[in-house]
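> Model the following, please.
(one chain, ligands or ions: 1)
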Amino acid sequence: MINRMFNSQAALATFAVISSIILGLLAGCSPSSEPESALGSVESIEMNDALVVYSSRNEHLIRPVFALFTEETGIDVEYATDKAGVLIERIKAEGKNTPADVLITVDAGTLGYAAQQGIFQPLDSADVVERVPAYLRDDKDYWTGLSLRARTIVYSTERVNPEQLSSYQDLGASQWQGRVCLRTSKKVYNQSLVAMLIAEQGEAKAESIVSSWVANLAIPPTSNDTKLMEAILAGQCDVGIINTYYFGRLQEKQENLPLALFWPNQTEEENSGVHVNVAGVGILKHSKNAAQAKRLVEWLVSDSAQALFAGVNKEYPINDSVEINPQVASWGSFKQNPLPLSQAYLLQPAAVKLMDRAGYK
Ligand code: FE
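Numbers count the residues shown, from 1 in each chain. Now for the predicted structure:
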C-alpha cells in the first residue's frame, strides 16, 4: 500500500512537472523560470503527510493562501495546477488511488459538473453553512463558493454615457446596434450567464435576449475577456460583458483606463441583480485525509483567509463581514442576483443549445 501511494505520488509529481511546463508554454514564459515542481518532492509529502490540492486556479493565486494556512495550522499543502477538465478526468482515472484530497476550481458550471461526476463527498460543515450564503454553494452540499466575481457590463468611458445603460437585456436594444462585444459562447462563464438568464426569465425570453445581443455584435465573439476589453479600447465596439477581476488586472496595468464597469439590473423594473459566480472547492470522495481537508475548507471560508483568497484575484469575499480589496471596493457596490448557483450547471445543456440556436458562436 505504501509502495502504491509512493507510486501515485511520484506519478502526481511527474504530472505536476508536465503541467507546469505546459502552462509555462501556454503562458509564453520559459518553464525554467519555475524549476521546481509545484508539488514539491515525494519525500516531503511522505514526511509531512501533507494535504494535496488539485487546482485550476493559478499557482500565484493559491500559493500565498496555502502558505498562510500552513503558518496558522502547521498543516502542509502540496498542489498541482491544470485546467479544470484535465484535473477532473485525472481524479476520475486515479479513482481510489488518487493522492488528492481537495479540488479548487472556478465557475458553478464546472463545480456542478465535478459534483455530477461523483468525485466529491458532502462537506457536512456547520462553518460553511454559517459563513457562505446558500445561493453560493451546492444545494446537495458537494461544493462551496470561496470567492465571488461578477459578470457585468464594461463600457467605453469615451463613447458611452452610463445613463444609457440599464440591464443585460438592454444590450439587445437598437441603440447598441453594431456596438456590442461578447466573449465566445464556448466559455463556461457565458454558459453559466445564459443558464442563469434562463432560470430568471424562462427559456423563450432568454433566447430572444441572446438573439438580440448577437444581432448587435460589432465583431465576432472574442476568445477571452481581456481581448473583449482590448476591442473596446481599439474602438471596435463600445460595450461588453466581462468578469470583474479581468477589468481589475487591466486597470492595474494601465493608468486612466478609458473603461468602466456598470452594474446592470439594479432598478425597480430590472431588479434581478448582477450575475455573480464563484471560485469554489470540494473535498474528494477518495480523500485519505478528509478531516484535514475539511479543516482547509473551513479555514478558506474563515475571516483570516477570505480577504487574501479573494483579494489576490481582485474578487469579492464570499463572507460579507470581510473587508473587500480597496481596488475592488472602488468599483462601487451592487445588488447581486440571488438565484442559487447550483442551477448554472443544471441549465447548462439548455444554455448551450439556446446559444447555438441564437447564432452565438
Ligand atoms: Fe477567469
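> got a list of what the residue nearest the centre of the chain touches?
Most central in the chain under CA atoms, centre = their mean is residue 106, positioned 3.0 Å from the mean C-alpha point. By CB atoms under 8 Å, 6 or more residues apart in numbering, the residues touching residue 106 are 56, 57, 84, 277, 278, 279, 280. To be clear about C-beta, it is placed using only N, CA and C from the backbone, and glycine gets the same treatment.
> The longest strand belonging to the chain packs against which elements?
As assigned by DSSP state E, the longest strand anywhere in the chain is strand 144-156. Packed against strand 144-156 by the contact rule (3 or more CB pairs under 8 Å, 6 or more residues apart in numbering; DSSP states H and E) you find helix 188-201, helix 225-233, strand 239-243, helix 244-253, strand 259-262, strand 275-284, helix 303-311, strand 316-317.
> and of the ones you listed, who's closest to residue 131?
helix 303-311 (8.3 Å; CB to CB).
> Tell me how the chain divides into domains.
With domains defined by automatic domain parsing, the chain comprises 3-148+277-325, 150-275+346-357.
> could you redo these as JSON lines and give each row distance to residue 335 and mean pLDDT?
Shown next, in JSON lines, are the domains of the chain (distance: least, CB to CB, whole Å; pLDDT from 0 to 100):
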{"stretch": "domain 3-148+277-325", "distance to residue 335": "13", "mean pLDDT": "83"}
{"stretch": "domain 150-275+346-357", "distance to residue 335": "4", "mean pLDDT": "97"}
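> Distance to residue 334 added to those domains, as JSON lines?
Below are the domains of the chain laid out as JSON lines (distance: least, CB to CB, whole Å):
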{"stretch": "domain 3-148+277-325", "distance to residue 334": "10"}
{"stretch": "domain 150-275+346-357", "distance to residue 334": "4"}
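> closest to residue 332 out of these?
domain 150-275+346-357 (6.9 Å).
> got the end-to-end distance for that closest one?
This stretch, domain 150-275+346-357, spans 26 Å end to end (CA to CA, to the nearest Å).
> now swap in stretch 213-230 and tell me
19 Å.
> Could you report the neighbour count for residue 221?
20 (other CB atoms under 10 Å).
> correct me, but it touches residue 210?
No. Under the criterion of CB atoms under 8 Å, residue 221 makes no contact with residue 210, lying 11.8 Å away.
> What about residue 232, how many residues nearby?
25.
> hmm, back to that, which residues does the residue nearest to the centre of the chain bridge with?
residue 279 (DSSP bridges).
> related to what we said a few turns ago, as a markdown table, the contacts of residue 106 with neighbour count and distance to residue 298 would be great.
Compiled in a markdown table, these are given as follows (neighbours: other CB atoms under 10 Å; distance: CB to CB, whole Å):
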| residue | neighbour count | distance to residue 298 |
| --- | --- | --- |
| 56 | 20 | 21 |
| 57 | 23 | 18 |
| 84 | 22 | 23 |
| 277 | 27 | 22 |
| 278 | 27 | 17 |
| 279 | 27 | 16 |
| 280 | 31 | 14 |
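> of these, closest to residue 179?
residue 277 (25.1 Å).
> Cross-check the contact I'm expecting between that closest one and residue 108.
Yes. Assessed by CB under 8 Å, residue 277 is found in contact with residue 108 at 5.7 Å.
> thinking again about what came up before, state the distance from the residue nearest to the centre of the chain to residue 263.
Distance, residue 106 to residue 263, using CB to CB, to the nearest Å: 21 Å.
> Need the nearest residue in space to residue 84, chain neighbours excluded.
residue 56 (4.0 Å; CB to CB, 6 or more residues apart in numbering).
> Next up, the contacts around the one you found.
Counted by CB under 8 Å, 6+ apart, residue 56 has contacts 81, 82, 83, 84, 87, 104, 105, 106, 110.
> Check the separation of the first and last residues in stretch 236-252.
22 Å.
> ok, now stretch 312-330?
16 Å.
> check contacts around residue 134.
Counted by CB under 8 Å, 6+ apart, residue 134 has contacts residue 340.
> let's go with 10 Å and repeat that
Counting by CB atoms under 10 Å, 6 or more residues apart in numbering, residue 134 touches 338, 340, 341, 342.
> In a helix, residue 85, correct?
Yes. Using DSSP: H, G, I helix; E, B strand; the rest coil, the secondary structure at residue 85 is a helix.
> Might one say that it is in contact with residue 103?
No. The pair residue 85 / residue 103 is not scored as a contact, 11.8 Å apart, by CB atoms under 10 Å.
> Need the overlap of contacts for these two.
56, 110, 114.
> wait, which of these is closest to residue 164?
residue 110 (34.0 Å).
> hmm, back to that, show me which of the contacts of residue 134 are buried.
Buried by 16 or more other CB atoms under 10 Å: 340, 341, 342, out of the contacts of residue 134.
> possible to save those residues as JSON lines with distance to residue 326, secondary structure and pLDDT?
Formatted as JSON lines, these follow (distance: CB to CB, whole Å; DSSP: H, G, I helix; E, B strand; the rest coil; pLDDT from 0 to 100):
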{"residue": "340", "distance to residue 326": "30", "secondary structure": "coil", "pLDDT": "96"}
{"residue": "341", "distance to residue 326": "26", "secondary structure": "coil", "pLDDT": "96"}
{"residue": "342", "distance to residue 326": "32", "secondary structure": "helix", "pLDDT": "94"}
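> Tabulate those residues in JSON lines, adding columns for distance to residue 72.
Output for those, formatted as JSON lines (distance: CB to CB, whole Å):
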{"residue": "340", "distance to residue 72": "31"}
{"residue": "341", "distance to residue 72": "28"}
{"residue": "342", "distance to residue 72": "31"}
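> close enough to count as contact, residue 55 and residue 86?
No. Here residue 55 does not reach residue 86: they are 11.5 Å apart, not a contact under CB under 10 Å.
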